[in-house]
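**Student:** below are the sequence and a predicted model; questions follow.
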Amino acid sequence: MPRLPFSLAVTQWVSRICSWRALLLAALAILLALLLFQSPLPGKAGADPSWSMVLVYAHRHGFQFGRDVAFTYGPYGFLASRWYYDGVPLVKILWESAGKLALAATLVVMAAFTFNSWYRFGLFYLGLVFAAQLSSDVIFLCIPLLALCWLLPPNRKSWQVAVALIWMAFLAQIRFHYLMQALVAISLIAPSLLIERKPKELMLIVSSFALAFVFFWVLAGQAISNLPAYLGSSWEISNGYVAAMAVNTIPITTWCIAGGICFFVIAFILSSLWSRNLGAEKWMLLYLCCAWYFVWKYGVTRADAVHILVFFPTAFVFCAAAPGFFQRRPCWSFLEINLILSLAGVWSYSSDYLRHLPLNLAHHLHAVPGELFRPKRQAQRFATLEAAMEKAQPVKNLRAIVEQETIDVINLDQYFALREHLNYRPRPVFQSYTAYTPALLKQNLRFYQSSCAPQFVFARLQSVDSRYPAQDDSLLLEELPRRYLMVKEANDFLLLHRKPVQPARELVREKFPVRQVSFGQEIDLPETVNCALELRTIFKPSIYGATRSFLVQPAEVSLILTDRQHGQHTGRLIPEMAAAGFLVQPLLESQKDFADFMAARPGRLVQSIRFEPVSATRNCWSQISIQFSKLPEVPAD
């Protein structure tokens, strides 16, 4: 008799597990996990593959984030990398299989507990499938969804809060942006619990997140003492991202559809405020606003093919789920219009994505099980692709010169150093175009001034988004002739070697008076004798310009340089980077210019410069201040 209750409990437990609803949710979780699976690819040249490979290198060599590496990704960022070299780490394979399955199961179970109708659940799951097929960055929405479904609601359960906090703490170390999403959620639950007079629950949530974050940080081999440096440098990079990386390559139709989606989301938020007494749900609604702002800015700040094709699927998921957060009784919400608009947005940008979606979906589901259950086959496929990639991209034969000495790469092609298995020792902001602010530029400069500086530098004068190349790592660029000698010159790169005797003092700058200038004004460069000239420019935004930058995108500025043969050279100028100063004399536009500069050979000289706004955005700026500085120690014949 005493065994009967136990047997009955087991029977009931098994029957629940085997119920059709549980089996359906399990099948949906497995299907979503298969769609989230990301097959690793061998590394190749280029900005994105290179920084992905550096994250893998940092993981393998135990680099400390904040001290050795300053980037928008954290110590687990290599898990989000698509490109690898010398095989794929076991932890990546585990993440793509077991980790993605656990994440998919969490999303499915979360939806099952949150949405009170199969209609809402179906729309949400359809959005996840749509997003997973078009983009691998569905993780971007995980923290907002966890916060809105399991952390912020007043009827949350303890186990839901625990699961949400564990996932938040882990995902926050993949990317700094995810950490910001988590911190906003926790900062909003604090006043809610304080008003409800639940300080113990608040302390438990805050301490649990902090402990989980530190646990995963230490598990990744990171020192706790590096946390302040990591948070500070990552915040600096994130803060400069909007001004530095904003581009606009999408058609006006796509912009209008994206704006329409934003309008309906704002209308939904306002209607939620006016239609009912939210009570404790007001904190959820406030986080809904923050989460949508993250989604919007993530998609339209860098409005190119990659990010706009992330925006529309994530907007689909967000808008399908939003009415269910507040448990509205009607199945239909006017926010469902955004589901149609999201599909229309993808179609307006590139109809091929939607036309090929069913075929790509079928191909993906057919290929992934073979990748998962035949690891040897996957390893052989990766090795074959890696060999083909190396054959297509000849090596630079750096090892014969560098041997076991340390080497860094300027600007963004770390692939060439990593593929030859050199002793790579990067500066903290390891891709020059991501040193978005004066503080980051100075951080890289201090590294090269220290005893940790690399003995060799693989250098290319290159940039992204049509920038004027001399801006990238501008302070370091000015120092290179003082600290390094050129030992190899090729068509597409220079190999520099550190001088045995290093300068003991800072670079001398003889400053000219500060001047106020305007757009379109031709500015003659001061006369100098055989030395370089630095320009510092302060662009002060107007109220309209600051508002435009916060809501959509910052205005762009072009720099036009006129050389002494009356030829004109145009490059995009990044205001934050221009404030630190960059070389305008000699002209540094091509790899040959850079080689002449390092070898102290006569190069092209600049006669005058002027600034021009891009796309009639002159009213975005209220003032332009400039200051030239002569650099006597840096030759420019």
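**Tutor:** Happy to help now that I have it. Numbering: from 1, shown residues only.
**Student:** how much space between Gly370 and Gln404?
**Tutor:** Look at Gly370 and Gln404: by C-beta to C-beta, to the nearest Å, they are 40 Å apart. Any C-beta I mention is one placed from the backbone N, CA and C, and that applies to glycine too.
**Student:** same question for Trp292.
**Tutor:** Distance, Trp292 to Gln404, using C-beta to C-beta: 51 Å.
**Student:** which of the two has more residues huddled nearby?
**Tutor:** Taking other C-beta atoms under 10 Å, Trp292 and Gln404 do not tie; Trp292 has more neighbours (21 against 9).
**Student:** and the more buried one, what is it in contact with?
**Tutor:** Shown in contact with Trp292 (C-beta atoms under 8 Å, 6 or more residues apart in numbering): 262, 265, 269, 318.
**Student:** I'd like these laid out as JSON lines, including secondary structure, pLDDT and neighbour count.
**Tutor:** Shown next, in JSON lines, are these (DSSP: H, G, I helix; E, B strand; the rest coil; pLDDT from 0 to 100; neighbours: other C-beta atoms under 10 Å):
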{"residue": "Cys262", "secondary structure": "helix", "pLDDT": "94", "neighbour count": "21"}
{"residue": "Val265", "secondary structure": "helix", "pLDDT": "93", "neighbour count": "22"}
{"residue": "Ile269", "secondary structure": "helix", "pLDDT": "89", "neighbour count": "16"}
{"residue": "Phe318", "secondary structure": "helix", "pLDDT": "91", "neighbour count": "27"}
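**Student:** turn those into JSON lines, including distance to Ser342.
**Tutor:** Listed next are the contacts of Trp292 as JSON lines, based on distance: C-beta to C-beta, whole Å:
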{"residue": "Cys262", "distance to Ser342": "12"}
{"residue": "Val265", "distance to Ser342": "11"}
{"residue": "Ile269", "distance to Ser342": "18"}
{"residue": "Phe318", "distance to Ser342": "9"}
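**Student:** how many residues are close by Cys289?
**Tutor:** Using other C-beta under 10 Å, Cys289 is surrounded by 11 other residues.
**Student:** and the pLDDT for the most centrally placed residue in the chain?
**Tutor:** Nearest to the mean C-alpha position of the chain, counting by C-alpha atoms, centre = their mean, stands Thr72 at 5.6 Å. Listed pLDDT for Thr72 reads 89.
**Student:** I'd like the distance between it and Ser19.
**Tutor:** Separation of Thr72 from Ser19 (C-beta to C-beta) stands at 44 Å.
**Student:** let me know the closest of the contacts of Trp292 to Ala27.
**Tutor:** Distance to Ala27, by C-beta to C-beta, is smallest for Phe318 among the contacts of Trp292, at 24.5 Å.
**Student:** without its sequence neighbours, what residue ends up closest to the closest one?
**Tutor:** Among residues not flanking Phe318 along the chain, Val295 sits closest, at 5.8 Å (C-beta to C-beta, 6 or more residues apart in numbering).
**Student:** and that neighbour, helix, strand or coil?
**Tutor:** Secondary structure, DSSP: H, G, I helix; E, B strand; the rest coil: Val295 is helix.
**Student:** any idea how far Val346 is from it?
**Tutor:** 15 Å.
**Student:** Gly74 now?
**Tutor:** Distance of Gly74 to Val346, computed by C-beta to C-beta: 30 Å.
**Student:** re earlier: so which of the contacts of Trp292 comes closest to Val464?
**Tutor:** Of all those, Val464 sits closest to Cys262, with 26.9 Å by C-beta to C-beta.
**Student:** what about the helices in the stretch 501-637 of the chain?
**Tutor:** For the stretch 501-637 of the chain, the helices defined by DSSP state H, counting those that start in this stretch occupy 543-551, 575-578, 591-598.
**Student:** what's the most buried one of those?
**Tutor:** Stretch with highest mean neighbour count among the helices of the stretch 501-637 of the chain: helix 575-578 (a mean of 23; mean count of other C-beta atoms under 10 Å).
**Student:** in CSV, list the C-alpha atoms belonging to that one.
**Tutor:** Below are the C-alpha coordinates for helix 575-578, written out as CSV (Å, rounded to 0.1, in the frame of the first residue of the first chain):
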residue,chain,number,x,y,z
PRO,A,575,33.0,63.3,-36.1
GLU,A,576,34.1,61.5,-33.0
MET,A,577,37.3,60.2,-34.6
ALA,A,578,38.0,63.6,-36.2
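**Student:** what sits up against it?
**Tutor:** With C-beta under 8 Å, 6+ apart as the test, helix 575-578 has contacts from 240, 243-244, 435-438, 441, 471-472, 474, 535-539, 554, 557.
**Student:** could you do stretch 388-407 as well?
**Tutor:** For stretch 388-407, the external contacting residues (C-beta under 8 Å, 6+ apart) are 42-45, 416-417, 419-425, 454-458, 487-488, 490, 493, 495.
**Student:** cool, stretch 215-223 as well?
**Tutor:** 59, 62, 64-65, 75-76, 169-170, 173, 224, 227, 230.
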